[in-house]
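Q: Next comes the sequence, and after it the predicted model I'd like to discuss.
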Amino acid sequence: MIEEQRAVKPWLASYPADMPAEIEVDGLGTLVDMFEASTARFADRTAVICFGISLSYAQLGALARAFATWLQGQGIAKGDRVAIMMPNVPAYPVALFGTLLTGATVVNVNPLYTPRELAAQLNDSGARTLVVLENFAHTVAQALPNLSVDRVVIAGPGDGLGPKGALINLAARHIKKAVPAYALPQGLATRFTAALKAGRGRPLRSVSVAQGDLAFLQYTGGTTGVAKAAMLTHRNVLANVVQSQTWLRATDPDAPVRVMVTALPLYHIFALTCCFLFFIRSGGTCLLIPNPRDADGFVKTLSKHRFTHMSGVNTLFNLLNNHPRFPLLDFSQLDYVVGGGMAVQKSVATRWKEITGSTIVEGYGLSETSPVVCVNPYGLPEWSGTIGFPVPSTDVSIRDADGMPVPFGVPGELCVRGPQVMKGYWNRPDETAKVTTPDGFFRTGDVAVMQPDGQVRIVDRMKDMILVSGFNVYPNEVEDVLALHPGILECAVVGATCPDAGEMVVAHVVLRDPSLTVEAIRAYARSQLTGYKVPRQVVIRQALPKTNVGKVLRRALRDDVPAA
């Protein structure tokens, strides 16, 4: 039986002798069960560190229950959606677990979204409650005419950290432009601290949460380029946490405390599962970095803390590699570093190893797979350039255009089946059908090859999605925005290689108004789009290349992009 399995799943022959081919999923319970177990078992351990202040598991549990009780008092019930729009600050985990404790579903929102993007996501999800960091409340105020929300909870960066947190809030509000002015209607907004105070000490009504209930609506463009929400159940996400822990040898809760540098935003599925939930389940500590773009502050924070683990994307590793004080840090306790979100470049991996002595363990995943599909082995001696092997309980199949498996070394579409694969797309059965094979595999839209030993290497993306610093950019959305400008006649958006972000957005534009400048086009885009979606280059053209039926040939445009 084992030999038959290895023939069908060649990667199993490359597994370490003690690595199980499957994990037990049905008995895992839910994320609520996991949280309750961890806050009880690891009560005195540090769960979160931020701004130099620690929150124990017991404190995190109490805060989450207080917020959950307040939500219940507001009428939030099982199945409702609560949107969270925050970077990595302590209020995020409190709001996240508080929401899950009520049986509601978390809708993660990028805090850098424009009013248009925010309204589109909240309206699509049906979220009537929004928790937002005060630094971004002005976006909510601007979006309100197009929103249907019942309440907005305004959090400060230090909320949840006690008296010291209040001082952090005071200091943050005195930083010029840190908290832009905003005005919300009376009765709509509640301070996060007031919600916690109102919920503290009151009984939390027990809610029956099952594995099949929705934990997250995780928005993504998926493989078809249309922004939509992957429905991730408690079973999906918790299974992926356990798959990752099993593969990376982190299943012993009595092991020395692990500290994960959590610089990637928790609203992104990679950090949510692989940093935060992974370490909460095993009693580890998450060192939250609210603003990793502040390289000086980031390195200063790392110099003050003992850290054992780190995750990141290629651009983050490159940022640190090039900081003059990064090589001076103490890496003696660093156990492993995981890279994902975008391909890690060889030059970056090599430099990282020279500085830290640690090999970047690269993996692969998507929002639709909670996210982990493949990871390189724990203890990898040298960067491999592959995405490693499928994790336990995961089937991977490389298929041709007809849906048939291809031989080793032959490129095809990477298809995935396992307990971590989403339930489907929220309210989009047509989109779900497009990415589901007749035998139940999820079509990733990525081209890959499988080596004879079962390792997988990504070759290219099948669709036109652009990956900027680990974030998906969908050309259709950018084109739709640019096309609304009265001075633009036609436009097409493609990706191009960029040394500092992996890829960049390039807009090819045919003008209606000859006086319209490149600077004006980019300024308009910035007013409508999150920063990473704004075209870094704008190419003015007399015409766009098209097929005989009028379809723009993006392929031809990709071949005609100026150097970054």
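A: Sure, I can see it. Numbering: from 1, shown residues only.
Q: and Ala155, what does it touch?
A: Met86, Val89, Ala91, Ala95, Val131, Val132, Leu133, Glu134, Arg191, Phe192 (Cβ atoms under 8 Å, 6 or more residues apart in numbering). For the C-beta atoms, the positions are set from N, CA and C on the backbone; glycine is no exception.
Q: Show me what the nearest residue to the third one once chain neighbours are set aside is bridged to.
A: This means Ala91. Using Cβ to Cβ, 6 or more residues apart in numbering and skipping residues adjacent in sequence, the residue nearest Ala91 is Ala155, 3.9 Å away. Going by DSSP bridges, Ala155 is paired in beta bridges with Leu133.
Q: Distance check, Ala183 against Leu214.
A: 33 Å (Cβ to Cβ, to the nearest Å).
Q: and if you look at Ser38?
A: From Ser38 over to Leu214 the distance is 21 Å, taken as Cβ to Cβ.
Q: The two: who's more crowded?
A: When neighbours are counted by other Cβ atoms under 10 Å, Ser38 and Leu214 differ, and Ser38 comes out ahead with 24 against 21.
Q: roughly how far apart are the residue nearest to Leu366 when sequence neighbours are not counted and Pro145?
A: Spatially, and ignoring its direct neighbours in sequence, Leu366 is nearest to Thr444 (6.1 Å; Cβ to Cβ, 6+ apart). When distance is defined by Cβ to Cβ, Thr444 is 38 Å away from Pro145.
Q: And for Phe97?
A: Phe97 is 32 Å from Pro145, by Cβ to Cβ.
Q: And Gly403, by the same measure?
A: Applying Cβ to Cβ, the value for Gly403 to Pro145 is 46 Å.
Q: before we move on, what about Ala229?
A: Per Cβ to Cβ, Ala229 is found 23 Å from Pro145.
Q: Could you do Arg443 as well?
A: In terms of Cβ to Cβ, Arg443 sits 38 Å off from Pro145.
Q: Then Gly126?
A: 18 Å.
Q: now swap in Phe35 and tell me
A: 37 Å.
Q: Show me the shaky parts of the stretch 101-250 of the chain.
A: Applying pLDDT under 70 to the stretch 101-250 of the chain picks out residues 176-177, 221-226.
Q: now the strands for it?
A: 105-108, 129-133, 151-155, 189-191, 214-220, 228-233 (DSSP state E, counting those that start in this stretch).
Q: Can you tell me which helices and strands the strand or helix carrying the residue nearest to Leu366 packs against?
A: Secondary structure assignment for Thr444, by DSSP states H and E: strand 442-450. Strand 442-450 is packed against strand 395-399, strand 412-417, strand 456-461, with contacts defined by 3 or more Cβ pairs under 8 Å, 6 or more residues apart in numbering; DSSP states H and E.
Q: Among those strands, which comes closest to Ala349?
A: strand 456-461 (14.7 Å; Cβ to Cβ).
Q: Just after that closest one, pick out the following helix or strand.
A: Using DSSP H and E, the helix or strand that directly follows strand 456-461 along the chain is strand 466-468.
Q: Going by neighbour count, which residues of that following strand are buried?
A: Ile466, Leu467, Val468 (16 or more other Cβ atoms under 10 Å).
Q: With stretch 536-556 instead?
A: Arg536, Gln537, Val538, Val539, Leu544, Pro545, Val552, Arg554.
Q: can you put these in JSON lines and add pLDDT and distance to Trp352?
A: As requested, the buried residues of stretch 536-556 are arranged in JSON lines below (pLDDT from 0 to 100; distance: Cβ to Cβ, whole Å):
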{"residue": "Arg536", "pLDDT": "94", "distance to Trp352": "25"}
{"residue": "Gln537", "pLDDT": "94", "distance to Trp352": "29"}
{"residue": "Val538", "pLDDT": "96", "distance to Trp352": "34"}
{"residue": "Val539", "pLDDT": "95", "distance to Trp352": "34"}
{"residue": "Leu544", "pLDDT": "88", "distance to Trp352": "41"}
{"residue": "Pro545", "pLDDT": "88", "distance to Trp352": "40"}
{"residue": "Val552", "pLDDT": "77", "distance to Trp352": "39"}
{"residue": "Arg554", "pLDDT": "83", "distance to Trp352": "33"}
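Q: I am finished for the moment; much appreciated.
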